[in-house]
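Asker: Output the structure for:
(one chain, ligands or ions: 2)
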Amino acid sequence: DEVNIEEFIESTIDVHQLKHPDFEFTYEVSGFKTFITDPVLLGSLFDNLVENSYKYSPPDRKKLHISARLIKDRIVLRFKDAGIGIPSSEINNIFKKFYRIQNRYNQNGSVGLGLAFCKELVNFMNGDISVKSVVDKGTEFKIVLPYIN
Ligand code: ATP
Ligand code: MG
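Answerer: Residues are numbered from 1 along each chain as shown. Ligands and ions are numbered 1, 2, ... in the order given. Below is the predicted model of the structure:
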């Protein structure tokens, strides 16, 4: 399907803002307007990353910046939060199935599958997912996808 990225981000934000009125969003799009992808897979990816950002941010820092850019014929999506961050010793574990970092933000009902699923999704979409994080400052997930138009 042809996905309009700006509309897609806006509707993702709408849904999550209804669920969490205290969640603040900003976003930017540059270099492209639409691309061919599976909106259901893209939606699962967005929902998992957005939900994590909310869960793993302190009450007064629940904000997320989403950007979508066309860079060298690839789509680069970034999800940058101002949350609790991920210790560098854990960075290599977070994409593993059932892996969860023990902290007070872990909620009942989470199983530690979200990011493992995201990685599978992105691989299936012929893309890449990576993460940069600073403890107590925030986390940025970067997804690179092929640009098909
Ligand atoms: P589930 O997604 O299955 O409900 P989960 O959120 O604990 O459970 P993942 O989404 O796979 O599992 O994330 C794995 C771990 O990585 C989390 O338990 C959390 O400790 C850490 N993590 C994920 N996203 C963030 C984030 N944006 N900021 C800080 N820590 C994060
Ligand atoms: Mg999760």
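
Asker: Report the secondary structure element holding the residue nearest to the spatial centre of the chain.
Answerer: For the chain, the residue sitting closest to the mean C-alpha position, by Cα atoms, centre = their mean, is Leu49 at 3.0 Å. Under the criterion of DSSP states H and E, Leu49 resides in helix 39-55.

Asker: Strand partners (parallel or antiparallel) of the helix or strand that that helix is followed by?
Answerer: Scanning forward in sequence from helix 39-55 by DSSP H and E, the next helix or strand is strand 63-71. Looking at strand 63-71 with DSSP bridges, its paired strands and their directions are strand 24-30 (parallel), strand 74-81 (antiparallel).

Asker: Next, the angle helix 39-55 makes with strand 63-71.
Answerer: The directions of strand 63-71 and helix 39-55 differ by 140 degrees, with axes from the mean of the first three to the mean of the last three Cα atoms, to 10 degrees as the criterion.

Asker: Who are the contact partners of Phe95?
Answerer: Neighbour list for Phe95: 115-116, 118-119, 129 [criterion: Cβ atoms under 8 Å, 6 or more residues apart in numbering]. Bear in mind the C-beta positions are built from the backbone N, C-alpha and C, glycine included.

Asker: hmm, back to that, how close does the residue nearest to the centre of the chain sit to Glu6?
Answerer: 18 Å (Cβ to Cβ, to the nearest Å).
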